[in-house]
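**Student:** Kindly return the folded structure for what I paste below:
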Amino acid sequence: MNKQPKYRQVADVLRREIANGTYAPGARLPSENDLQQRFDASRNTIRNGLSLLVSEGLISSSQGLGYEVKSHEVFELNASRFENLTFPQNGDAYNTDVTNAGRRPHQTFRVEMLPASQEIAERLKVEPSTKTVLRFCHRYVDDVPWSTQATYYPSWLVDASPRLAEPGDIAEGTTRYLAAQGIEQVGYFDEIAARMPTPDEARLLEIGAGVPVLLWTRTGYSADRPIRCTITTFRGDLNRMNYEIGDLAARSDNT
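**Tutor:** All right, here's what the predicted structure looks like:
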């Protein structure tokens, strides 16, 4: 005997039907009246079940239009190749990856001078409150908010590479620009975490209820010290990351 509350039973059935394609992305669910009859349940029970699916990010509701299954066209990012200068690039790594996937990139920029927070200072190996340059990008894929990227550069690096402090895009990407200035990124350290979005993140990324964000923090190093710290915040429902490590010949389609 199922001892779950009735609204959870309703949500479980609809969740399975979304997963198996009974209700495809973009499809509307039956009306509340129809669901009441199907499940022999009250309107409040049906609404509570639907609200649970909304909180999980599976469906959305519109006033007067009912409930719709969310569309999730996931973008896959190869984090091993991202910024790797040995791979051909058309502009920066973001533009290259999005374009190669047959999709359309668009981004906006903001540049600020900021004191380093404790978190950033530790990664850049500078004193807290030391001046840094923040280059902030708001990135889109096919006009849908995809990520925000906040990159912090220490002041000594900005003195040697003044374009970092100029507003607007660096078309070739900052990694290539720095390499051309004789400051080569030879390695990086990645940290990956997930959490629920802040109100600002939810607004910028247009995140619905129940959708987490993926945080990717990459600290880049020259041969002798850190040269930048980048914190990328992704929508959790629209992104997938992968890494390539070691010999992957056995994964090739030709084997």
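
**Student:** Just checking the distance from stretch 213-233 to the centre of its chain.
**Tutor:** Relative to its chain's centre, stretch 213-233 lies at 15 Å (Cα atoms, centre = their mean, to the nearest Å).

**Student:** let me redo that: stretch 54-72
**Tutor:** Going by Cα atoms, centre = their mean, where stretch 54-72 is centred and where its chain is centred differ by 20 Å.

**Student:** Any buried residues in it, and which?
**Tutor:** In terms of neighbour count (16 or more other Cβ atoms under 10 Å), stretch 54-72 has its buried residues at Val54, Glu56, Gly57, Leu58, Ile59, Ser61, Tyr67, Glu68, Val69, Lys70. (C-beta placed from N, C-alpha, C; glycine too.)

**Student:** Cross those against strands and list the overlap.
**Tutor:** Where those overlap with strands, as defined by DSSP state E, the overlap consists of Ile59, Ser61, Tyr67, Glu68, Val69.

**Student:** Give me the local confidence score for the first one.
**Tutor:** Okay, so that is Ile59. Reading off the per-residue confidence, Ile59 sits at a pLDDT of 85.

**Student:** Quick check: beta-bridge partners of it?
**Tutor:** Beta-bridge pairing for Ile59 (DSSP bridges): Val69.

**Student:** Which strands or helices does the helix or strand bottoming out on mean pLDDT in the chain pack on?
**Tutor:** Of the helices and strands making up the chain, the lowest-confidence element is helix 93-100, at a mean of 78, by mean pLDDT, DSSP states H and E. Of the remaining helices and strands, those touching helix 93-100 by 3 or more Cβ pairs under 8 Å, 6 or more residues apart in numbering; DSSP states H and E are strand 75-78, strand 105-115, strand 131-141.

**Student:** Make TSV out of those and add mean neighbour count and mean pLDDT.
**Tutor:** As requested, the helices and strands packed on helix 93-100 are arranged in TSV below (neighbours: other Cβ atoms under 10 Å; pLDDT from 0 to 100):
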stretch	mean neighbour count	mean pLDDT
strand 75-78	17	80
strand 105-115	14	91
strand 131-141	19	93
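
**Student:** how about the least confident helix or strand of the chain: buried residues?
**Tutor:** Of the residues in helix 93-100, Ala93, Tyr94, Asn95, Thr96, Asp97, Val98 count as buried by neighbour count, 16+ other Cβ under 10 Å.

**Student:** could you give the angle of that helix to strand 105-115?
**Tutor:** Between helix 93-100 and strand 105-115, the angle formed by their directions is 170 degrees, by axes from the mean of the first three to the mean of the last three Cα atoms, to 10 degrees.

**Student:** buried set for stretch 177-194?
**Tutor:** By neighbour count on 16+ other Cβ under 10 Å, the buried set for stretch 177-194 is Tyr177, Leu178, Ile183, Gln185, Tyr188.

**Student:** ok, so of these, who is nearest Gln36?
**Tutor:** The nearest member of these to Gln36, counting by Cβ to Cβ, is Tyr188 at 54.6 Å.

**Student:** part of a helix, is that closest one?
**Tutor:** No - when DSSP: H, G, I helix; E, B strand; the rest coil is applied, Tyr188 is found to be strand, with no helix at that position.

**Student:** That one is in contact with Thr219, isn't it?
**Tutor:** Yes - judged on Cβ atoms under 8 Å, Tyr188 makes contact with Thr219 at a distance of 6.3 Å.

**Student:** coming back round to it: taking the ones in strands among the buried residues of stretch 54-72 together, which two end up most distant?
**Tutor:** Ser61 and Val69 (11.4 Å).

**Student:** quick one: low-confidence parts of the chain?
**Tutor:** Low-confidence segments of the chain (pLDDT under 70): 1-2, 72, 83-92, 253-255.
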